[in-house]
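1. Quick one, fold the following:
(one chain, ligands or ions: 2)
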Amino acid sequence: MEDLPDEASSKCKDLHAYLKQRSAEVGDCVVWTGTVRKDNGYGQGQIKGVTINAHLLAYMAYHNMQLPRLNSNGKRLNVFHVKCTNPICIKNDHLASMTDKEYGELKKKQGLTNKGEKNSSCIITEEIANQIILAKVPKSHPMHKKSQVIADEFNTTIHVVNNILAGKSWKHLKRSEMDVENQTQTIENEEKEESSNDEEDEDGDNDNSNNTIKKRKTCYPKAHNNRKITEQQAKDIIASKKHKHDPEYKSQQRRADEFGVTIDTIGPIDQNLSWKYLDRPTLIVFPKPAFVWDEEKLAIAWERVQKQCVYNKTNNIHTNSPCLEWKGKLQKGRPYIKVFEKKQAAYIFACEYKMKSLKPEGLETRHSCDNRICCELGHLSFGTSLENAQDSIKHRSSKGFKTTDEQVQEIRRLYTETKLTQKEIAEEMGIGRGRVHSIVNYKSWKNSSHSNVDENEAHEDNSIIVEEEEL
Ligand SMILES: [Zn+2]
Ligand SMILES: [Zn+2]
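-> Ligands and ions are numbered 1, 2, ... in the order given. Now for the predicted structure:
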């Protein structure tokens, strides 16, 4: 390694000594001999117990322990290898700080002179992506170039070029009149032609490397999900993650498009599964925006509910009109729908739509039809849990219990699921409080579902039936 100037701080000298111990001159470079990250090929050093890229440590040693931040225009700076493409190189004059864009331009210039030298950890800026798009002209055109030729010119890999041309990455960029479908076809044909001599250095650190070639033919875009990104890009991706209520929030797909990568690159970064050593700033949590009553949106949502429902004329014991029954999937016997980011029972939403107000806190949604999968507006109203329980009792008694067993179960259900007291239940059911007490405490009808009762209790319970029949 190059020596430090005499005036360097002791911290810089310590770091310099640490790096010197763990590096060796190889050719024109000074390469890191310590740990190397498999996924991006950068050397990994330690400082104060924190793992950091070795070339960044080298930069710090020569720059008063500082890493570059922003240039005079406020653009983010990063440290790049400018004289070599060796990610483990820590030689001071092989490194420089610049913006992604400047680096992209530099690489492009170098790419034009160093044909054939591939840089797998390619930086693709928007400008380069645009130039790649412009470089591809139809096969019939005299200026036509194969994707591999373009990749060489831009010092990147054929996969990156093909993804851009096929609109799989940098989706928001304009692609001339060229039909992307045809483009994909052309690319696939070229892939076949070139697959024999196409030995990408990507493969070595790609977990799916064994399948990459196979996949390419059937599942083209998926095969390239692990395109390498630079540390700076990973940092930018991390910085672009926002809380879901943040006004600057963007979906992963949108961010992927903006960074020219796939969602499979963004996802693991967001979940701290890749680029783990990079700092994750704490997300600023934004409050949920206040609910805005939007008639139009509500009407659309109500239409969605109606589409899920069908009128059923048979279920009209309690009402004079047919029920609007949910025909879709049920969860725990109830229909659910997602309205305005909120998943709720479809009949609650229907009642809110009818009442033109959100369900008041503490109230329940009553079904006058006693049909919990019904969304008929005329059958729905808000009420207290007591009213709801009373509905339930009314419905049960008007329907009549087929067996005493059912009645016992209903008493126990009311006692455990509602706030009704034993007295209220007794009154509603028209039986003595003592019987309710013995039923809810399992002193009688201990095994009601099988109606296995002993003789004494059977007598008591028979009287319930008598009373029920007298109603
Ligand atoms: Zn070097
Ligand atoms: Zn109904």
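2. Residues of this structure that sit close to ligand 2?
-> Listed as neighbours of ligand 2 in the chain under the rule C-beta under 5 Å from the ion: Cys323, Cys369, Asn371, Cys374, Glu376, His379. (Each C-beta comes from the backbone N, C-alpha and C, glycine too.)
3. What number of residues are in the vicinity of the second one?
-> Other residues within reach of Cys369 by the criterion other C-beta atoms under 10 Å amount to 24.
4. Roughly how far does it sit from Lys327?
-> Distance of Cys369 to Lys327, computed by C-beta to C-beta, to the nearest Å: 16 Å.
5. repeat for the third one
-> Asn371 sits 13 Å away from Lys327 when distances are taken as C-beta to C-beta.
6. Quickly list what Arg366 is bridged to.
-> Here Arg366 sits in beta bridges with Ser381, as judged by DSSP bridges.
7. Thought Ser385 was touching it, still the case?
-> No: between Arg366 and Ser385 there is no contact under C-beta atoms under 8 Å: 9.9 Å.
8. which of Asn371 and Lys327 has more neighbours?
-> More neighbours surround Asn371 than the other of Asn371 and Lys327, with 22 against 13 (other C-beta under 10 Å).
9. quick one: pLDDT of the closest residue to the more buried one other than its chain neighbours?
-> Nearest non-adjacent residue to Asn371, counting by C-beta to C-beta, 6 or more residues apart in numbering: Cys323, 4.9 Å away. We have a pLDDT of 86 for Cys323.
10. residue contacts, Cys323?
-> Tyr311, Asn312, Asn315, Asn316, Cys369, Asn371, Ile373, Cys374, Glu376, His379 (C-beta atoms under 8 Å, 6 or more residues apart in numbering).
11. For it, what are phi and psi?
-> phi -80, psi 150 (degrees, to the nearest 10).
12. if I look at it, how far off is Asn312?
-> 5 Å.
13. Which one of Arg366 and Ser385 is surrounded by more residues?
-> Taking neighbours as other C-beta under 10 Å, Arg366 and Ser385 compare with Arg366 leading, 21 against 15.
14. and that one, what pLDDT?
-> 91.
15. who touches stretch 383-397?
-> Contacts of stretch 383-397 (C-beta under 8 Å, 6+ apart): 318, 362-368, 370, 407, 410, 414, 418-420, 424-425, 428-430, 468, 471.
16. Out of those residues, list just those in strands.
-> Glu364, Thr365, Arg366, His367 (DSSP state E).
17. out of those residues, which is most surrounded?
-> His367 (24 neighbours).
18. Close to ligand 1: what parts of the stretch 251-400 of the chain are there?
-> Counting by C-beta under 5 Å from the ion, no residue of the stretch 251-400 of the chain is near ligand 1.
19. okay, now the residue of the stretch 51-200 of the chain found nearest ligand 2: neighbour count?
-> Among the residues of the stretch 51-200 of the chain, Lys171 lies closest to ligand 2, at 47.2 Å counting by C-beta to the ion. Lys171 has 16 neighbours, counted by other C-beta under 10 Å.
20. for Gly45, same thing?
-> Neighbour tally, Gly45, other C-beta under 10 Å: 24.
21. what's the host helix or strand of it packed up against?
-> Using DSSP states H and E, Gly45 falls within strand 44-47. Here strand 44-47 touches helix 10-21, strand 50-53, helix 54-62, going by 3 or more C-beta pairs under 8 Å, 6 or more residues apart in numbering; DSSP states H and E.
22. Mind listing what's buried along the longest one?
-> Looking back up the chat, that one is helix 10-21. Cys12, Leu15, His16, Tyr18, Leu19 (16 or more other C-beta atoms under 10 Å).
23. Surely the fourth one and Ile52 touch.
-> No: the criterion here is C-beta under 8 Å, and Tyr18 misses it with Ile52 at 11.8 Å.
24. any shared contact partners between those two?
-> Gly45.
25. what does the domain assignment say about the protein?
-> The chain breaks down into these structural domains: 1-98, 290-383, 384-471 (assignment by automatic domain parsing).
26. Out of these, which gets the lowest mean score?
-> domain 384-471 (a mean of 64).
27. quick one, strands of the stretch 101-250 of the chain?
-> Counting by DSSP state E, counting those that start in this stretch, the stretch 101-250 of the chain has no strands at all.
28. which residues touch the residue lying closest to Tyr347 once chain neighbours are set aside?
-> Nearest residue to Tyr347 in three dimensions, chain neighbours excluded: Cys375, at 5.1 Å (C-beta to C-beta, 6+ apart). Neighbour list for Cys375: Val305, Gln306, Cys309, Leu324, Glu325, Trp326, Pro335, Ala346, Tyr347, Ala350 [criterion: C-beta under 8 Å, 6+ apart].
29. re earlier: which of the residues of the chain next to ligand 2 lies closest to Gln233?
-> Cys374 (53.4 Å; C-beta to C-beta).
30. related to what we said a few turns ago, for the contacts of Cys375, which PyMOL command selects only the ones that are buried?
-> Per 16+ other C-beta under 10 Å, the buried members of the contacts of Cys375 correspond to this PyMOL selection:
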select buried, resi 305+309+324+325+326+335+346+347+350
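31. Which part of the stretch 101-250 of the chain gets nearest to ligand 2, residue-wise?
-> For the stretch 101-250 of the chain, C-beta to the ion, closest residue to ligand 2: Lys244, 36.0 Å.
32. Report the separation between that residue and ligand 1.
-> 43 Å (C-beta to the ion, to the nearest Å).
33. Leu15 reaches Tyr62, doesn't it?
-> No: under the criterion of C-beta under 8 Å, Leu15 is not in contact with Tyr62, lying 9.4 Å apart.
34. Name all residues that make contact with Ala8.
-> Per C-beta under 8 Å, 6+ apart, neighbours of Ala8: His16, Ala61, Asn64.
35. OK, contacts around the second one?
-> Put plainly, it is Ala61. So Ala61 contacts Leu4, Ala8, Cys12, Leu15, His16, Leu19 (C-beta under 8 Å, 6+ apart).
36. Return the closest of those residues with respect to ligand 2.
-> Leu15 (75.1 Å).
37. Most proximal residue of the stretch 301-450 of the chain with respect to ligand 1?
-> Counting by C-beta to the ion, the stretch 301-450 of the chain gets nearest to ligand 1 through Glu341 (51.0 Å).
38. Below-threshold pLDDT in the stretch 151-300 of the chain: ranges please.
-> 175-227, 291 (pLDDT under 70).
39. of all of it, which residue lies closest to ligand 1?
-> Closest point on the stretch 151-300 of the chain to ligand 1, by C-beta to the ion, is Asn155, at 15.9 Å.
40. Does that residue touch Lys109 like I think?
-> No: the pair Asn155 / Lys109 is not scored as a contact, 9.2 Å apart, by C-beta under 8 Å.
41. The two: which is more packed in?
-> Between Asn155 and Lys109, counted using other C-beta under 10 Å, the more crowded position is Asn155 (25 against 11).
42. and the more buried one, what are its phi and psi?
-> With angles defined as degrees, to the nearest 10, Asn155 sits at phi 60, psi 40.
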